[in-house]
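Visitor: what follows is a predicted protein model with its sequence.
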Amino acid sequence: QVQLVESGGGLVQAGDSLRLSCAASGRTFGKSVTAWFRQAPGKEREFVAAINWSGTSTYFTDSVKGRFTISRDNAKNTVYLQMNSLKPEDTAVYYCAAGDLLAPRRTSYDYWGQGTQVTVSS
């Protein structure tokens, strides 16, 4: 089993930045990809970004390209999502997920955290 715990969410104004963290524990080996998804009220959970184990491959949804970056510190078993130039439409609960395939599909990920709320005011 892999346990994932997100942190770093909060209430910010449009244009501000936040850094989310996803700390993994348990049997983390074999789950080489970590992704971030988000879910706004009344909407489906959507893919945001993903990174492979070595950090050499990343994948972003179009709406966050140029504003968000994803990175990882394997010594700390932690993946980060740096979010800059935040917009009100970025408001959502952000979830991290672990899986084997670098893909934007929910079904590619086997383990999920409980989520952290990000609210961006205009």
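Guide: Structure received. Numbers count the residues shown, from 1 in each chain.

Visitor: Ala40 contacts Pro88, correct?
Guide: No - between Ala40 and Pro88 there is no contact under Cβ atoms under 8 Å: 10.3 Å. Quick note: C-beta positions are derived from backbone N, CA and C, even for glycine.

Visitor: of these two, which one has the most company?
Guide: Ala40 (14 against 11; other Cβ atoms under 10 Å).

Visitor: the closest residue to that one other than its chain neighbours: neighbouring residues, count only.
Guide: Once flanking residues are discounted, Ala40 sits nearest to Ala92: 4.3 Å by Cβ to Cβ, 6 or more residues apart in numbering. Applying other Cβ under 10 Å, we find 22 residues neighbouring Ala92.

Visitor: which residues touch Ala92?
Guide: Arg38, Gln39, Ala40, Lys43, Gln117, Val118 (Cβ atoms under 8 Å, 6 or more residues apart in numbering).

Visitor: please repeat the previous calculation with a cut-off of 7 Å.
Guide: Going by Cβ atoms under 7 Å, 6 or more residues apart in numbering, Ala92 touches Arg38, Gln39, Ala40, Val118.
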